[in-house]
Structures are given as C-alpha cells and as structure tokens.
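Chemist: take a look and give me a structure for this.
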Amino acid sequence: AISQYMWDFNNDGVTDATSSSPVFNHSYLNTTLSPQNTTLKLTVENAQGCDTSWIQSLVVYPEVQSQFEIDDTEPCYPIPTQLHNISSFKGTVATKFFWDFGDGSVSVSDDDYLEYLFHNFDNSNDQQYTVKLVAESDYECRDTSSQVITIHPKPYSDFTFPVTVDCPPFPVSFSNASRGVDLVYEWDFDDTSPVTAETNPTHIFDNVGYDITEYKIELISTTTFGCKDTIIKPILIYPRVDVDFGASAWEGCSPIIIDFDGAPLNQNQVTWYIDDAAFSTLEDPSYRFVNNTSENITYDIKFKGTSLYNCTDDTIKQVTIFPTPMVEFIPDPVLQDFNTDTDISQVEFTNYTQHQGSGTWDYLWSYGDGSTDANDQETFVKEYTIWGDINNKNKIPVTLTAWNITNPECRDSVQHDIIINPPIPEIDIAEDV
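Modeler: Alright, predicted model coming up:
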C-alpha cells in the first residue's frame, strides 16, 4: 500500500505538497501574454521504500483579469453613467467582454468606455444595481468583476396657480405639487425679482409696457444628493392701465368752472366721477361746481381708465368749493316823500341774503347818503335826513355787499334804489302894506 504522496508541481525536484486526497486544488499562475508549458510530477512510495513516479505535461494559459471603473457610483437619475473597462491586457489576453447591468440588460462590447442609463422611476427612494463585467480570452479563460451602483431618485417638480392671465398688479399664489424627500426649492419669476426658496410663494406681477407680457415661471426642486427637476409654466400679464389728472383749480368760490386734464396710459375708455356719480367720458372735461350751502364742500373727483382687456386704474383727488353768498335785500318803502315834520325819513331794510343768519358772512351796507355800516340784522330801520338826487329822479342807491368770512374773495353784492322825493315848496303871499 502507498504510504506517501509527493507532488512536484513544476518538476523541479522539490516536493510542493504531500496530499493523499483524491481531489485537491492547486493554482498555476500565468501573468504573461502567452501560454506557458509546465510539468506536473507525482511520486508515490510504500512502506518498504519502493516508489514510482508519474509525469504530466500541462499548458497554463495567460491569466484573465476583469476590472472596470464607474465615473460616479451614486448618480442622479437620469444622468447617464460612464463605465470604463480597465481589464488587464485588454485586447491581447482578454479579447471578449460581456456586460451585465443588473437590470435585465446585457451588452457585448470591447470599447474602453461604455455609457449606460440606469433607471429609477421612483421620486423618493434609491435604486441599486450590481454591474458585472465578464472578460474572456481566446482560450475561453474568464474572469468576472462587479460593483454596486446606487441611482438616486429624480424629484418631480410641479405647481399650480388659479389664474393664468390677468391685469396688473396681479398677485398670484402658487401651490407647490412637487414630489420627493427633503426638497429644497428655487422659484424664478422671470421679472428680475430675487429667487425665493419658499414652498408656496405669492408673487405680484406687473406689466408697464404696451403689449401683453409672458413670464415663464421656473421651479427647481433639489434633493439632498443634488438631484434636480425643473418645470416651467407661463403666465400672461395684460398691459397696466395707469391714470392721473390735473385741474385748473383745486379750490375756489362757488360757482366755479374747473377744467380737468386727464393723463391716461393704455386705456380704451375713461370715466369721470364726482362723489361716485359719473359726469363725463371725455379725456379733458370741464365741470361747473355750485355750493349753495354755508359750509365748504369737498368733492371726491375720480378719474378711471379701462383697457381693452378690462383692466382698470383710478385716481381720486379732491376739489373744495367755498360758499359764496347770494345777496338780496328789500327796502320798504321804496318810494316816499321827505318827512318835513321831523326832517327824518325812515326806510326799513330786510336782508334776504341766503343763509343770512349762519354766521358765515360779513356785510357792508352803503346807504347812498355817505354812511356805511356792517349791520347783520335781518330787519332794521335806517333814518335818512336827505332826499334823493333831483338830477336822478330823486333816487338814492343802496348797496349791500356780503363775503365769506374765511374766504373773503367769495363775495356778492346787490344794489337797489330808493326814492325820497324832496318836500314841495310852500308859497306864503302876504298883503302889501
């Protein structure tokens, strides 16, 4: 019986192993470019020291070493991945290459670089794939290498807003409908305003031009891995209507005609209002203001412009109308003869000036006899010691002037004539003596 096994894997006279197992492994290496011949020698010996040997010639083909690089092992979907085949002695020893992308797809390619798109249709979770490269020589020697690649999800950007076209200033509230985990947002409103990171922003759009303006609203959603998604939606803004106006006067005495000068922009029609009551559709109208009260009246003047798109703008300014007295009086009697009994003729004057007792007016009476006063009584008696001008039908002109105490430029006057006839001469004829 055999008592000892002596293995000489290179037949160089040195025992390399003494295994008695029917099957065991030994690896021969060949890192050159060509096949290498070698000899395997097995010597067996019994207990009596008798031995015998068996020699086997072997051919060791060049070793195949599969190896590859991934430009980014954690890319964001949908960025393509560059796979770089760096297998040893590529093209000389390893001549065939088989790619398995781990998603059911395979490829046979001996290119140094291979671009492949790994999918991840989930907006929130990572997707992993095991990529394998099998390198094979012409001697059907093979080697396999593998790496794991993690595909980070692409977020889904979306947003809504209630109205897509309107008049400026147009406040728009955006509702963020994006999907993903731990997203950071960038809103660009396309109008030179700063980018905002709010989740659900509100923005006011304007259009000071003459044509409809389209703004492209951009939302970029970004994950913690830097994966992004962008969506752009348009919004239309009608031209802004802008109105202003001037006036020939902003205050004055009643009655007064004021000329208004409208300055509208982008309007199709205009309307003027006084205290919310429309009075003109002309661009430059005039209006006669009357204040029949004893107090100042301030009117709200509104100028409103409307465009073809039903956009509007209005401006309100104020006009103040001061009261002006409407003067009137009645003398009684209007006609009389001079009273020779007392040498005094009396005339009763009644002041019928509008709002006579309101305390708003000051008065000046000029009685035609050289006397004046500021009598503010409604009825009073004036005594005359003269008669009228015989060259003017015995008339005495009486004038009443009244004015607004606060705004004395607002005044009115009226003149009435009274007649006081001179006494009839008495002739006394005496006898001649």
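Chemist: Phe174 touches Ile217, doesn't it?
Modeler: Yes: with contact defined as C-beta atoms under 8 Å, Phe174 counts as touching Ile217 (7.5 Å). Yep, even glycine has a C-beta here, placed from its N, CA and C like the rest.
Chemist: which residues do those two both contact?
Modeler: 159, 161, 187 (C-beta atoms under 8 Å, 6 or more residues apart in numbering).
Chemist: any of those residues buried? List them.
Modeler: In those, burial by neighbour count holds for 159, 187, counting by 16 or more other C-beta atoms under 10 Å.
Chemist: pick the one among the shared contacts of Phe174 and Ile217 closest to Ser413.
Modeler: Proximity of these to Ser413 (C-beta to C-beta) peaks at Phe161, which lies at 67.7 Å.
Chemist: that closest one and Ile231: what is the separation?
Modeler: 12 Å (C-beta to C-beta, to the nearest Å).
Chemist: who's Gln128 bridged to?
Modeler: Thr150 (DSSP bridges).
Chemist: which pLDDT value does the model give it?
Modeler: Gln128 carries a pLDDT score of 98 in this model.
Chemist: correct me, but it touches Thr150?
Modeler: Yes: the pair Gln128 / Thr150 is scored as a contact, 5.1 Å apart, by C-beta under 8 Å.
Chemist: what about Ile344, how many residues nearby?
Modeler: 11 (other C-beta atoms under 10 Å).
Chemist: in this structure Ser366 contacts Ile396, no?
Modeler: No: Ser366 lies out of contact with Ile396 (C-beta under 8 Å); the separation is 10.5 Å.
Chemist: neighbour count winner among those two?
Modeler: Neighbours were counted for Ser366 and for Ile396 using other C-beta under 10 Å; Ile396 has more, 21 against 16.
Chemist: how far out from the middle of the chain is whatever helix or strand the more buried one lives in?
Modeler: Assessed by DSSP states H and E, Ile396 sits inside strand 395-404. In terms of C-alpha atoms, centre = their mean, to the nearest Å, the centre of strand 395-404 is found 66 Å from the chain centre.
Chemist: that one packs against which elements?
Modeler: Here strand 395-404 touches strand 329-332, strand 361-366, strand 411-421, going by 3 or more C-beta pairs under 8 Å, 6 or more residues apart in numbering; DSSP states H and E.
Chemist: buried residues, it. List them.
Modeler: 395-396, 398-404.
Chemist: just give me the closest of the shared contacts of Phe174 and Ile217 to Tyr273.
Modeler: For the shared contacts of Phe174 and Ile217, the nearest to Tyr273 is Phe161 (33.6 Å; C-beta to C-beta).
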